[in-house]
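Engineer: Quick one: sequence plus predicted model below, questions after.
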Amino acid sequence: MTPATIAVLGGGYAGILAARRVAAALGPLGRVTLYADRDHFVERIRLHQVAAGQLVRTIPLPRLLGGAALEVARVVALDPAARAVITDRGRRTPDFVIHALGSRTARAIPGAAHALALDDPDGAAAVAAAAGRAVAQGRPLAIVGGGLTAIELATELADAHPTLRLTLITRGALGDGALGAAGLAHVRAALARRAVEVREGQGVAAIEPDAIEVDGARLAVAATVLCAGFAASPLAAAADLAVDRLGRMLLTPTLSAAGAGWLWGAGDAAVPAAPVGAPLHMACKTAMPMAACAADNVVAAVTGAAPTPFRFGDSGVCVSLGRTDGVIQRRAPGGDNRGVTRGRLGAWLKEGVCRFTVLALRRPGSQRVFRVYARRGAAALAASTDLALPAAP
Ligand SMILES: Cc1cc2nc3c(=O)[nH]c(=O)nc-3n(C[C@H](O)[C@H](O)[C@H](O)COP(=O)(O)OP(=O)(O)OC[C@H]3O[C@@H](n4cnc5c(N)ncnc54)[C@H](O)[C@@H]3O)c2cc1C
(Lines give C-alpha, C1' and ligand atoms only; values in the text may rest on other atoms or scores of the structure.)
Protein backbone atom coordinates (compact mmCIF):
# COMPACT_ATOMS: atom_id res chain seq x y z
CA MET A 1 0.00 0.00 0.00
CA THR A 2 1.33 3.48 -0.89
CA PRO A 3 1.94 5.47 2.30
CA ALA A 4 -0.34 8.48 2.83
CA THR A 5 1.47 11.82 2.67
CA ILE A 6 0.82 14.28 5.50
CA ALA A 7 2.05 17.88 5.57
CA VAL A 8 2.12 19.63 8.93
CA LEU A 9 2.51 23.40 8.58
CA GLY A 10 4.34 25.30 11.34
CA GLY A 11 7.21 24.35 13.62
CA GLY A 12 5.68 25.58 16.88
CA TYR A 13 4.11 23.75 19.81
CA ALA A 14 1.11 22.50 17.81
CA GLY A 15 2.95 21.61 14.59
CA ILE A 16 5.78 19.65 16.20
CA LEU A 17 3.45 17.72 18.47
CA ALA A 18 1.10 16.85 15.60
CA ALA A 19 3.87 15.83 13.18
CA ARG A 20 5.58 13.58 15.68
CA ARG A 21 2.32 12.01 16.84
CA VAL A 22 1.03 11.22 13.32
CA ALA A 23 4.40 9.77 12.28
CA ALA A 24 4.57 7.56 15.38
CA ALA A 25 1.02 6.26 14.96
CA LEU A 26 1.17 5.58 11.22
CA GLY A 27 4.68 4.16 10.94
CA PRO A 28 5.10 2.82 7.39
CA LEU A 29 1.50 3.78 6.51
CA GLY A 30 2.41 7.47 6.40
CA ARG A 31 5.10 9.93 5.28
CA VAL A 32 4.93 13.00 7.46
CA THR A 33 6.73 16.27 6.62
CA LEU A 34 6.83 19.32 8.88
CA TYR A 35 7.12 22.64 7.02
CA ALA A 36 8.78 25.28 9.18
CA ASP A 37 10.31 28.67 8.44
CA ARG A 38 13.34 27.93 10.63
CA ASP A 39 15.26 24.76 11.52
CA HIS A 40 14.94 25.15 15.28
CA PHE A 41 12.17 25.32 17.85
CA VAL A 42 11.59 28.65 19.61
CA GLU A 43 10.05 28.58 23.08
CA ARG A 44 7.68 31.40 22.32
CA ILE A 45 6.35 31.46 25.89
CA ARG A 46 9.81 32.54 27.08
CA LEU A 47 10.31 35.46 24.68
CA HIS A 48 9.75 38.01 27.48
CA GLN A 49 12.76 36.41 29.19
CA VAL A 50 14.81 36.90 26.01
CA ALA A 51 13.69 40.55 25.97
CA ALA A 52 15.06 40.86 29.51
CA GLY A 53 18.44 39.57 28.35
CA GLN A 54 18.15 36.01 29.63
CA LEU A 55 19.62 33.16 27.65
CA VAL A 56 16.88 30.82 26.40
CA ARG A 57 17.86 27.69 24.52
CA THR A 58 16.59 26.80 21.07
CA ILE A 59 16.26 23.15 20.04
CA PRO A 60 17.08 21.85 16.54
CA LEU A 61 13.76 20.69 15.08
CA PRO A 62 15.03 17.28 13.87
CA ARG A 63 15.63 16.39 17.53
CA LEU A 64 11.93 16.85 18.28
CA LEU A 65 10.32 15.29 15.24
CA GLY A 66 10.65 11.55 15.84
CA GLY A 67 9.74 9.83 12.55
CA ALA A 68 8.63 13.00 10.74
CA ALA A 69 10.83 14.75 8.17
CA LEU A 70 11.62 18.47 8.15
CA GLU A 71 11.45 20.81 5.18
CA VAL A 72 12.61 24.31 6.01
CA ALA A 73 10.33 26.44 3.85
CA ARG A 74 7.99 29.37 4.21
CA VAL A 75 4.37 28.53 3.47
CA VAL A 76 3.04 31.31 1.27
CA ALA A 77 -0.49 30.10 0.45
CA LEU A 78 -3.10 27.40 0.84
CA ASP A 79 -4.96 26.39 -2.34
CA PRO A 80 -8.10 24.56 -1.17
CA ALA A 81 -9.47 24.04 -4.70
CA ALA A 82 -6.35 22.12 -5.70
CA ARG A 83 -5.82 20.66 -2.19
CA ALA A 84 -2.33 22.16 -2.38
CA VAL A 85 0.14 24.00 -0.18
CA ILE A 86 2.37 26.60 -1.83
CA THR A 87 5.77 27.17 -0.23
CA ASP A 88 8.70 29.34 -1.24
CA ARG A 89 10.37 26.09 -2.33
CA GLY A 90 7.50 24.92 -4.52
CA ARG A 91 3.99 23.52 -4.64
CA ARG A 92 3.11 20.45 -2.54
CA THR A 93 0.01 18.25 -2.85
CA PRO A 94 -0.03 15.95 0.18
CA ASP A 95 -3.02 13.72 0.96
CA PHE A 96 -3.63 15.48 4.28
CA VAL A 97 -2.63 18.85 5.78
CA ILE A 98 -2.58 20.06 9.37
CA HIS A 99 -2.53 23.88 9.46
CA ALA A 100 -0.62 24.93 12.61
CA LEU A 101 0.98 28.20 11.48
CA GLY A 102 0.17 29.89 14.77
CA SER A 103 -0.25 33.62 15.33
CA ARG A 104 1.61 36.88 15.68
CA THR A 105 1.00 40.06 17.63
CA ALA A 106 -2.13 41.84 16.41
CA ARG A 107 -1.18 45.16 14.77
CA ALA A 108 -4.53 46.90 14.55
CA ILE A 109 -3.48 50.31 15.92
CA PRO A 110 -2.51 53.00 13.35
CA GLY A 111 1.28 53.24 13.18
CA ALA A 112 1.69 49.74 14.66
CA ALA A 113 4.55 49.14 12.23
CA HIS A 114 6.64 51.44 14.46
CA ALA A 115 6.10 49.17 17.48
CA LEU A 116 8.23 46.26 18.61
CA ALA A 117 6.66 42.88 19.48
CA LEU A 118 7.56 39.52 21.01
CA ASP A 119 6.88 37.49 17.87
CA ASP A 120 10.23 35.75 17.52
CA PRO A 121 13.76 35.90 18.96
CA ASP A 122 14.68 38.84 16.70
CA GLY A 123 11.66 40.77 17.98
CA ALA A 124 12.59 39.95 21.57
CA ALA A 125 16.21 41.01 20.96
CA ALA A 126 14.95 44.32 19.54
CA VAL A 127 12.93 44.87 22.74
CA ALA A 128 16.05 44.14 24.79
CA ALA A 129 18.03 46.73 22.82
CA ALA A 130 15.21 49.29 23.14
CA ALA A 131 15.07 48.78 26.91
CA GLY A 132 18.81 49.47 27.12
CA ARG A 133 18.37 52.65 25.05
CA ALA A 134 15.41 53.78 27.19
CA VAL A 135 17.55 53.45 30.34
CA ALA A 136 20.43 55.38 28.75
CA GLN A 137 18.09 58.17 27.55
CA GLY A 138 16.00 58.25 30.73
CA ARG A 139 12.84 58.05 28.61
CA PRO A 140 9.92 55.67 29.23
CA LEU A 141 9.29 52.43 27.37
CA ALA A 142 5.59 51.94 26.60
CA ILE A 143 3.95 48.54 26.70
CA VAL A 144 0.58 48.59 24.93
CA GLY A 145 -1.76 45.90 26.28
CA GLY A 146 -2.71 44.73 29.74
CA GLY A 147 -2.99 40.96 29.37
CA LEU A 148 -0.72 38.27 30.75
CA THR A 149 2.03 38.74 28.13
CA ALA A 150 2.19 42.48 28.87
CA ILE A 151 2.38 41.80 32.62
CA GLU A 152 5.11 39.17 32.19
CA LEU A 153 7.15 41.51 29.98
CA ALA A 154 6.78 44.52 32.30
CA THR A 155 7.89 42.65 35.43
CA GLU A 156 10.76 40.87 33.69
CA LEU A 157 12.08 44.11 32.12
CA ALA A 158 11.73 46.00 35.41
CA ASP A 159 13.78 43.34 37.22
CA ALA A 160 16.48 43.44 34.54
CA HIS A 161 16.64 47.28 34.48
CA PRO A 162 15.70 48.74 37.88
CA THR A 163 16.00 52.32 36.56
CA LEU A 164 13.89 51.71 33.45
CA ARG A 165 10.70 53.83 33.36
CA LEU A 166 7.89 51.55 32.21
CA THR A 167 4.35 52.59 31.29
CA LEU A 168 1.76 49.89 30.63
CA ILE A 169 -1.32 51.18 28.82
CA THR A 170 -4.45 49.15 28.24
CA ARG A 171 -7.82 50.03 26.77
CA GLY A 172 -9.44 47.44 29.07
CA ALA A 173 -8.60 46.37 32.60
CA LEU A 174 -5.30 44.93 33.79
CA GLY A 175 -5.26 41.14 33.34
CA ASP A 176 -7.89 41.16 30.57
CA GLY A 177 -10.27 39.27 32.86
CA ALA A 178 -7.96 36.25 33.11
CA LEU A 179 -7.42 36.60 36.87
CA GLY A 180 -9.76 36.65 39.86
CA ALA A 181 -9.63 39.38 42.52
CA ALA A 182 -6.86 37.84 44.65
CA GLY A 183 -4.60 37.07 41.68
CA LEU A 184 -5.14 40.51 40.20
CA ALA A 185 -4.36 42.23 43.51
CA HIS A 186 -1.07 40.30 43.65
CA VAL A 187 -0.19 41.37 40.11
CA ARG A 188 -1.02 45.02 40.89
CA ALA A 189 1.24 44.92 43.95
CA ALA A 190 4.06 43.33 41.92
CA LEU A 191 3.84 46.09 39.28
CA ALA A 192 3.61 48.85 41.91
CA ARG A 193 6.68 47.49 43.74
CA ARG A 194 8.59 47.80 40.48
CA ALA A 195 7.25 51.36 39.88
CA VAL A 196 5.55 50.32 36.64
CA GLU A 197 2.98 52.98 35.74
CA VAL A 198 -0.30 51.26 34.86
CA ARG A 199 -2.89 53.17 32.83
CA GLU A 200 -6.17 51.28 32.48
CA GLY A 201 -9.16 52.18 30.33
CA GLN A 202 -6.97 54.29 28.04
CA GLY A 203 -6.92 53.58 24.32
CA VAL A 204 -3.76 54.10 22.27
CA ALA A 205 -4.96 55.84 19.09
CA ALA A 206 -1.64 55.99 17.20
CA ILE A 207 1.97 54.85 17.48
CA GLU A 208 4.92 56.90 16.19
CA PRO A 209 8.62 55.95 16.34
CA ASP A 210 9.19 58.00 19.51
CA ALA A 211 5.71 58.74 20.85
CA ILE A 212 2.21 57.35 21.30
CA GLU A 213 -1.14 59.08 21.29
CA VAL A 214 -3.15 58.16 24.40
CA ASP A 215 -6.58 59.60 25.08
CA GLY A 216 -5.86 62.64 22.92
CA ALA A 217 -2.45 63.39 24.50
CA ARG A 218 0.99 62.71 23.04
CA LEU A 219 3.34 60.72 25.24
CA ALA A 220 7.04 60.80 24.31
CA VAL A 221 8.64 57.35 24.63
CA ALA A 222 11.94 55.69 23.78
CA ALA A 223 10.04 52.84 22.09
CA THR A 224 6.70 51.02 22.15
CA VAL A 225 6.15 47.29 22.56
CA LEU A 226 2.81 45.93 21.36
CA CYS A 227 1.31 43.21 23.55
CA ALA A 228 -2.35 43.76 22.71
CA GLY A 229 -3.40 40.28 21.66
CA PHE A 230 -2.60 37.89 18.83
CA ALA A 231 -3.88 37.58 15.26
CA ALA A 232 -3.87 34.16 13.59
CA SER A 233 -1.76 33.34 10.55
CA PRO A 234 -3.45 35.18 7.64
CA LEU A 235 -3.20 32.24 5.21
CA ALA A 236 -6.61 30.65 5.94
CA ALA A 237 -8.45 33.95 5.41
CA ALA A 238 -6.40 34.64 2.27
CA ALA A 239 -7.53 31.26 0.91
CA ASP A 240 -11.20 32.22 1.49
CA LEU A 241 -11.59 29.58 4.18
CA ALA A 242 -14.07 30.46 6.95
CA VAL A 243 -12.31 32.26 9.85
CA ASP A 244 -13.33 33.91 13.14
CA ARG A 245 -12.67 37.59 14.01
CA LEU A 246 -9.07 36.75 15.02
CA GLY A 247 -8.44 35.08 11.66
CA ARG A 248 -8.52 31.54 13.08
CA MET A 249 -9.61 28.88 10.56
CA LEU A 250 -13.00 27.56 11.67
CA LEU A 251 -13.10 23.83 12.35
CA THR A 252 -15.65 21.06 12.80
CA PRO A 253 -15.81 19.37 16.23
CA THR A 254 -13.23 16.82 14.99
CA LEU A 255 -10.87 19.68 13.97
CA SER A 256 -11.12 19.44 10.19
CA ALA A 257 -11.91 22.51 8.11
CA ALA A 258 -15.61 22.40 7.31
CA GLY A 259 -16.25 20.73 3.97
CA ALA A 260 -12.60 19.72 3.43
CA GLY A 261 -11.77 16.07 4.06
CA TRP A 262 -8.05 16.74 3.77
CA LEU A 263 -7.41 19.87 5.87
CA TRP A 264 -7.15 19.94 9.67
CA GLY A 265 -6.20 22.71 12.05
CA ALA A 266 -4.60 23.10 15.48
CA GLY A 267 -3.16 25.75 17.77
CA ASP A 268 -3.47 29.52 17.51
CA ALA A 269 -4.18 29.28 13.76
CA ALA A 270 -7.53 27.51 14.10
CA VAL A 271 -10.55 27.12 16.36
CA PRO A 272 -13.61 24.84 16.45
CA ALA A 273 -16.78 26.73 15.50
CA ALA A 274 -18.89 25.02 18.20
CA PRO A 275 -18.29 24.98 21.98
CA VAL A 276 -15.80 22.39 23.25
CA GLY A 277 -16.26 22.76 27.02
CA ALA A 278 -14.37 25.99 27.80
CA PRO A 279 -13.40 29.12 25.82
CA LEU A 280 -10.41 28.45 23.55
CA HIS A 281 -7.90 31.29 23.92
CA MET A 282 -4.69 31.33 21.90
CA ALA A 283 -2.34 29.52 24.28
CA CYS A 284 -0.05 26.52 24.54
CA LYS A 285 -2.48 24.86 26.88
CA THR A 286 -5.06 24.80 24.07
CA ALA A 287 -2.66 24.48 21.11
CA MET A 288 -1.08 21.24 22.30
CA PRO A 289 -4.24 19.24 23.16
CA MET A 290 -5.76 20.45 19.86
CA ALA A 291 -2.70 19.22 17.99
CA ALA A 292 -2.94 15.81 19.68
CA CYS A 293 -6.61 15.49 18.70
CA ALA A 294 -6.04 16.71 15.11
CA ALA A 295 -3.15 14.25 14.76
CA ASP A 296 -5.27 11.34 16.03
CA ASN A 297 -8.05 12.25 13.61
CA VAL A 298 -5.70 12.40 10.64
CA VAL A 299 -4.49 8.94 11.64
CA ALA A 300 -8.14 7.85 11.84
CA ALA A 301 -8.75 9.26 8.33
CA VAL A 302 -5.82 7.24 6.97
CA THR A 303 -6.75 4.00 8.72
CA GLY A 304 -10.54 4.31 8.31
CA ALA A 305 -11.25 4.65 12.05
CA ALA A 306 -13.86 7.01 13.51
CA PRO A 307 -12.62 10.51 14.45
CA THR A 308 -12.89 11.87 18.00
CA PRO A 309 -14.47 15.24 18.79
CA PHE A 310 -12.18 17.74 20.52
CA ARG A 311 -13.12 18.56 24.10
CA PHE A 312 -11.29 20.97 26.39
CA GLY A 313 -11.77 21.72 30.07
CA ASP A 314 -9.95 24.67 31.57
CA SER A 315 -7.60 24.22 34.51
CA GLY A 316 -6.33 27.79 34.90
CA VAL A 317 -3.74 30.30 33.79
CA CYS A 318 -0.28 31.08 35.08
CA VAL A 319 1.64 34.31 34.90
CA SER A 320 5.26 34.88 35.86
CA LEU A 321 6.24 38.10 37.68
CA GLY A 322 9.97 37.98 37.19
CA ARG A 323 11.83 34.81 38.08
CA THR A 324 10.85 34.54 41.75
CA ASP A 325 7.16 35.48 41.81
CA GLY A 326 4.10 34.33 39.93
CA VAL A 327 0.38 33.71 40.06
CA ILE A 328 -1.41 30.48 39.24
CA GLN A 329 -5.12 31.13 38.81
CA ARG A 330 -7.01 27.84 39.07
CA ARG A 331 -10.25 27.45 37.13
CA ALA A 332 -13.25 25.14 37.05
CA PRO A 333 -13.47 23.06 33.83
CA GLY A 334 -16.04 25.47 32.32
CA GLY A 335 -13.80 28.51 32.98
CA ASP A 336 -14.96 29.99 36.32
CA ASN A 337 -12.13 31.24 38.56
CA ARG A 338 -11.21 29.22 41.67
CA GLY A 339 -8.26 29.69 44.07
CA VAL A 340 -4.82 31.16 43.42
CA THR A 341 -1.25 30.22 44.25
CA ARG A 342 1.12 33.20 44.57
CA GLY A 343 4.73 34.07 45.24
CA ARG A 344 7.70 31.74 44.94
CA LEU A 345 5.50 28.66 44.67
CA GLY A 346 3.59 30.38 41.85
CA ALA A 347 6.88 31.10 40.04
CA TRP A 348 8.05 27.51 40.55
CA LEU A 349 4.79 26.08 39.20
CA LYS A 350 4.86 28.40 36.19
CA GLU A 351 8.43 27.31 35.41
CA GLY A 352 7.21 23.71 35.67
CA VAL A 353 4.45 24.41 33.14
CA CYS A 354 6.98 25.94 30.72
CA ARG A 355 9.24 22.91 31.08
CA PHE A 356 6.29 20.57 30.60
CA THR A 357 5.52 22.05 27.16
CA VAL A 358 8.96 20.97 25.91
CA LEU A 359 8.78 17.65 27.75
CA ALA A 360 5.47 16.92 26.01
CA LEU A 361 7.21 17.46 22.66
CA ARG A 362 10.22 15.35 23.60
CA ARG A 363 8.42 12.55 25.45
CA PRO A 364 5.00 11.87 23.92
CA GLY A 365 4.11 9.73 26.97
CA SER A 366 3.71 12.91 28.99
CA GLN A 367 0.88 13.95 26.68
CA ARG A 368 -1.41 11.66 28.69
CA VAL A 369 -2.34 14.77 30.68
CA PHE A 370 -4.31 16.00 27.63
CA ARG A 371 -6.84 13.22 28.29
CA VAL A 372 -7.61 14.92 31.59
CA TYR A 373 -8.38 18.18 29.71
CA ALA A 374 -10.60 16.20 27.32
CA ARG A 375 -12.53 14.52 30.15
CA ARG A 376 -12.98 17.84 31.98
CA GLY A 377 -14.17 19.46 28.73
CA ALA A 378 -16.66 16.68 27.99
CA ALA A 379 -18.08 17.00 31.52
CA ALA A 380 -18.29 20.82 31.27
CA LEU A 381 -19.97 20.57 27.87
CA ALA A 382 -22.48 17.98 29.12
CA ALA A 383 -23.27 20.19 32.13
CA SER A 384 -23.81 23.29 29.95
CA THR A 385 -26.01 21.27 27.55
CA ASP A 386 -28.05 20.00 30.51
CA LEU A 387 -28.55 23.60 31.63
CA ALA A 388 -29.67 24.61 28.16
CA LEU A 389 -32.32 21.84 27.95
CA PRO A 390 -35.88 22.97 28.59
CA ALA A 391 -37.25 21.93 31.99
CA ALA A 392 -39.18 18.65 31.92
CA PRO A 393 -42.95 19.21 31.84
C1 LIG B 1 5.83 36.28 25.56
C2 LIG B 1 4.75 35.23 25.43
C3 LIG B 1 4.40 34.48 26.54
C4 LIG B 1 3.42 33.52 26.44
N5 LIG B 1 3.11 32.78 27.55
C6 LIG B 1 2.20 31.80 27.46
C7 LIG B 1 1.89 30.99 28.59
O8 LIG B 1 2.45 31.20 29.67
N9 LIG B 1 0.99 29.99 28.46
C10 LIG B 1 0.37 29.75 27.27
O11 LIG B 1 -0.45 28.80 27.20
N12 LIG B 1 0.61 30.51 26.17
C13 LIG B 1 1.51 31.53 26.24
N14 LIG B 1 1.77 32.30 25.14
C15 LIG B 1 1.03 32.02 23.88
C16 LIG B 1 1.71 30.85 23.14
O17 LIG B 1 3.03 31.17 22.87
C18 LIG B 1 0.97 30.52 21.85
O19 LIG B 1 -0.39 30.36 22.10
C20 LIG B 1 1.56 29.25 21.27
O21 LIG B 1 2.88 29.49 20.86
C22 LIG B 1 0.73 28.71 20.10
O23 LIG B 1 1.37 27.60 19.56
P24 LIG B 1 1.24 27.30 17.99
O25 LIG B 1 2.07 26.10 17.70
O26 LIG B 1 -0.18 27.29 17.59
O27 LIG B 1 1.86 28.59 17.28
P28 LIG B 1 3.35 29.15 17.31
O29 LIG B 1 4.03 28.81 18.56
O30 LIG B 1 3.20 30.57 16.91
O31 LIG B 1 4.06 28.34 16.15
C32 LIG B 1 3.78 28.59 14.79
C33 LIG B 1 5.04 28.30 14.01
O34 LIG B 1 4.76 28.46 12.62
C35 LIG B 1 5.79 29.24 12.03
N36 LIG B 1 5.22 29.94 10.89
C37 LIG B 1 4.32 30.94 10.91
N38 LIG B 1 4.01 31.30 9.65
C39 LIG B 1 4.74 30.50 8.85
C40 LIG B 1 4.81 30.37 7.42
N41 LIG B 1 4.11 31.15 6.60
N42 LIG B 1 5.61 29.40 6.90
C43 LIG B 1 6.32 28.58 7.74
N44 LIG B 1 6.28 28.67 9.08
C45 LIG B 1 5.50 29.62 9.62
C46 LIG B 1 6.25 30.18 13.13
O47 LIG B 1 7.56 30.65 12.91
C48 LIG B 1 6.19 29.26 14.34
O49 LIG B 1 7.36 28.51 14.45
C50 LIG B 1 2.75 33.30 25.20
C51 LIG B 1 3.10 34.07 24.08
C52 LIG B 1 4.07 35.03 24.18
C53 LIG B 1 4.45 35.84 22.96
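Structural biologist: Ah, there it is. Remember, predicted model here, so these are calculated numbers, not experimental data. Numbers count the residues shown, from 1 in each chain.

Engineer: Walk me through the domains of the chain.
Structural biologist: The chain is divided into the following domains under automatic domain parsing: 4-105+230-309, 112-226.

Engineer: and the first one with the ligand, contact?
Structural biologist: Read that as domain 4-105+230-309. Yes - judged by C-beta under 6 Å from any ligand atom, domain 4-105+230-309 comes into contact with the ligand at 10-15, 35-37, 44-45, 47-48, 74-75, 100-103, 233, 267-269, 282-285, 287. Backbone N, C-alpha and C define where each C-beta goes, glycine included.

Engineer: just to revisit the earlier point, reformat the domains of the chain as CSV; add mean neighbour count and mean pLDDT.
Structural biologist: Output for those, formatted as CSV (neighbours: other C-beta atoms under 10 Å; pLDDT from 0 to 100):
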stretch, mean neighbour count, mean pLDDT
domain 4-105+230-309, 20, 97
domain 112-226, 19, 97
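
Engineer: Dump these into a markdown table; add distance to Cys354 as well.
Structural biologist: What follows is the domains of the chain, written out as a markdown table (distance: least, C-beta to C-beta, whole Å):
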| stretch | distance to Cys354 |
| --- | --- |
| domain 4-105+230-309 | 6 |
| domain 112-226 | 11 |
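
Engineer: quick one, what contacts Thr76?
Structural biologist: To be clear, residue 76 is Val; Thr isn't right here. Val76 is in contact with Ile86, Thr87, Asp88, Leu235, counting by C-beta atoms under 8 Å, 6 or more residues apart in numbering.

Engineer: Would you mind naming the helix or strand containing it?
Structural biologist: strand 75-79 (DSSP states H and E).

Engineer: and that strand, which strands flank it?
Structural biologist: The partner list of strand 75-79 in its sheet, established with DSSP bridges, is strand 84-87 (antiparallel).

Engineer: if you skip the residues just before and after it, what's nearest to Arg165?
Structural biologist: Leaving aside its chain neighbours, Arg165 sits nearest to Pro140 (4.1 Å; criterion: C-beta to C-beta, 6 or more residues apart in numbering).

Engineer: Looks like the one you found contacts Val221 (just checking).
Structural biologist: Yes - counting by C-beta atoms under 8 Å, Val221 is a contact partner of Pro140 at 5.3 Å.

Engineer: anything in contact with each of these two?
Structural biologist: Common neighbours of Pro140 and Val221 (C-beta under 8 Å, 6+ apart) are Ala134, Thr167.

Engineer: so what's the residue of the stretch 251-393 of the chain found nearest the ligand closest to, chain neighbours aside?
Structural biologist: When you check the stretch 251-393 of the chain against the ligand by C-beta to the nearest ligand atom, the closest residue turns out to be Gly267, at 2.3 Å. Excluding its sequence neighbours, the residue lying closest to Gly267 (C-beta to C-beta, 6+ apart) is Ala14, at 2.9 Å.

Engineer: Quick check: which element contains the one you found?
Structural biologist: Going by DSSP H and E, Ala14 is in helix 13-26.

Engineer: Helices of the protein, residue ranges please.
Structural biologist: 13-26, 47-51, 121-137, 148-160, 181-193, 235-238, 284-303, 343-362, 369-388 (DSSP state H).

Engineer: can you state the direction angle for the last one and helix 13-26?
Structural biologist: In other words, helix 369-388. Relative orientation of helix 369-388 versus helix 13-26 (axes from the mean of the first three to the mean of the last three C-alpha atoms, to 10 degrees): 110 degrees.

Engineer: Let's check: the centremost residue of the protein is which one?
Structural biologist: Central residue of the chain (C-alpha atoms, centre = their mean): Ala283, 3.6 Å from the mean position.

Engineer: quick one: contacts for it?
Structural biologist: Asp268, Val317.

Engineer: same thing but at 10 Å, please
Structural biologist: Tyr13, Ile45, Leu148, Phe230, Gly267, Asp268, Val317 (C-beta atoms under 10 Å, 6 or more residues apart in numbering).

Engineer: Return the subset of the residues you listed lying in strands.
Structural biologist: Phe230, Val317 (DSSP state E).

Engineer: In a markdown table: the contacts of Ala283, plus distance to Arg248.
Structural biologist: Shown next, in a markdown table, are those (distance: C-beta to C-beta, whole Å):
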| residue | distance to Arg248 |
| --- | --- |
| Tyr13 | 15 |
| Ile45 | 19 |
| Leu148 | 19 |
| Phe230 | 10 |
| Gly267 | 9 |
| Asp268 | 7 |
| Val317 | 19 |
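
Engineer: ok, which residues in the stretch 101-250 of the chain are in contact with the ligand?
Structural biologist: Counting by C-beta under 6 Å from any ligand atom, the stretch 101-250 of the chain sits next to the ligand at Leu101, Gly102, Ser103, Leu118, Thr149, Glu152, Ser233.

Engineer: If anything else comes up later, I'll come back, but that's it for now.
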